[in-house]
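Participant: structure of the sequence below:
(one chain, ligands or ions: 1)
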Amino acid sequence: MRYIEPHAHMVSRTTDDYMAMATAGCVAVCEPAFWAGFDRSSAQGFYDYFRQITDFEPKRAAKFCLRHYTWLCINPKEAEDTGLADTVIDLIPQFLDCPTVLGIGEIGLNKNTKNELQILEKHIDLAVKYDQLILIHTPHLEDKLKGTKLIIDALKNQSHIDPGRVIIDHVEEHTAPLVLNAGFWAGMTLYPESKATPNRAIDMLEIYGAERMWMNSACDWGVSDPLAVPKTALEMKRRGMADDFIDQIIYRNPAAFLEQSGRFIAST
Ligand SMILES: [Zn+2]
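Facilitator: Predicted structure coming up:
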C-alpha cells in the first residue's frame with residue numbers, strides 16, 4: 001500500500017509515529033498550521049512555529065524517508081484577536097518561498113464569529129495575491145453547516161478563486177454535497193470519536209464517489225490516530241472496494257491536488 005497523509009500535525013507526534021506511518025506505506029505528510037493546544041502569547045510565537053514547520057519538521061520526517069510539506073496561516077481559533085492575526089498574516093509572505101510550503105491553511109472558521117470571518121477573508125486575499133492553494137478548516141458539530149456555508153460564500157465573493165485549487169476539510173455527510181457541488185475538493189477527517197469514523201467516510205465515498213475527495217487523520221496533540229488512513233484503506237478492501245479505487249483516494253487524489261502547488265512531489 002502507498003498513501004499520502006494530507007493533513008497531520010506532526011509537531012505534536014513522536015518519532016514512533018513517523019516510523020509507523022513510513023512502514024504502513026506513507027510517502028509524504030502535509031502539516032497545516034493550526035492551534036498548538038494552547039493560545040500563543042505573541043506573533044513571535046507564530047514566527048517560531050513557522051520556522052519549526054518549514055525547517056525543523058521536514059528534517060525530522062526525512063529521517064524516516066518521509067517528505068514533509070506545510071501550509072501557513074493563523075488558525076481560526078486564534079484569529080479572534082484581529083490585531084494579533086493581522087501581525088501574523090504580515091509574517092507569512094517571507095515564508096512562502098520555502099520549498100516545502102504548499103499554500104495558505106488551515107484557515108476557516110471555529111465559532112463562526114465576525115472577527116474570524118474578517119481574518120478568513122484576509123487569508124483568502126493573501127492566497128490570491130501570492131497565487132497559493134487553500135486548505136480550509138470547517139467548524140465542529142452544530143457550527144459546521146452554518147460555518148461551511150459562510151466559508152463557501154467568502155470564497156465565492158473573491159472573484160479570483162478557482163475552486164479546483166481549494167480543499168474544504170473535515171466534511172461530513174451534511175456538508176460534503178455543498179462543497180463538491182460548488183466545485184471544491186472535499187477532505188474527510190478520520191477521528192476515533194468526532195468528525196468521521198472510517199465506516200462513515202467509506203459510506204460517503206460510496207454515495208459521492210471518488211472525484212475530488214481525500215482522507216486524512218488530522219492527528220494532533222489530542223486523541224487521534226496517525227494510522228487512520230491506512231487502517232481505513234484496509235477497511236475499504238474488506239468491504240470489497242477495488243485496489244485501484246483505494247489507491248485513487250489515498251494516493252492519486254491528494255497527489256493531483258497538491259501537485260498544483262508546483263512544489264509537491266509524492267515520491268522520487
Ligand atoms: Zn488540522
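
Participant: count the residues that sit near the nearest residue to residue 25 once chain neighbours are set aside.
Facilitator: Closest residue in space to residue 25, ignoring its immediate chain neighbours: residue 1 at 4.1 Å, by CB to CB, 6 or more residues apart in numbering. To be clear about C-beta, it is placed using only N, CA and C from the backbone, and glycine gets the same treatment. Using other CB atoms under 10 Å, residue 1 has 15 other residues around it.

Participant: dump the residue contacts of residue 1.
Facilitator: Listed by CB atoms under 8 Å, 6 or more residues apart in numbering, the contact set of residue 1 reads 24, 25, 230, 233, 246, 250.

Participant: over to the third one. Which of the three states is it?
Facilitator: Classification of residue 230 using DSSP: H, G, I helix; E, B strand; the rest coil returns helix.

Participant: tell me the confidence at it?
Facilitator: Looking at residue 230, its pLDDT is 97.

Participant: would you confirm that it contacts residue 23?
Facilitator: No. With contacts counted by CB atoms under 8 Å, residue 230 stays clear of residue 23, the gap being 9.8 Å.

Participant: okay, those two: which has more neighbours?
Facilitator: Between residue 230 and residue 23, residue 230 has the larger neighbour count (other CB under 10 Å), namely 22 against 12.

Participant: could you verify that residue 28 is part of a helix?
Facilitator: No. Residue 28: not assigned to a helix; according to three-state DSSP it is strand.

Participant: that one pairs with what?
Facilitator: residue 4, residue 67 (DSSP bridges).

Participant: wait, what's in contact with it?
Facilitator: Listed by CB under 8 Å, 6+ apart, the contact partners of residue 28 are 4, 5, 66, 67, 68, 69, 264, 265, 266, 267.

Participant: ok, back up a step: look up how far residue 231 lies from the residue nearest to residue 25.
Facilitator: Note on residue 1: its distance to residue 231, by CB to CB, to the nearest Å, is 11 Å.

Participant: which intervals of the stretch 51-200 of the chain have sub-threshold pLDDT?
Facilitator: 194 (pLDDT under 70).

Participant: burial of the residue of it found nearest the ion, as a residue count?
Facilitator: Of all residues in the stretch 51-200 of the chain, residue 106 sits closest to the ion, at 5.2 Å by CB to the ion. Other residues lying near residue 106 total 28 when counted by other CB under 10 Å.

Participant: which other helices and strands does the longest helix along the chain contact?
Facilitator: The residue-count maximum for a helix in the chain (DSSP state H) belongs to helix 114-129. Under the contact criterion of 3 or more CB pairs under 8 Å, 6 or more residues apart in numbering; DSSP states H and E, helix 114-129 touches helix 82-91, strand 101-108, strand 133-137, helix 144-157.
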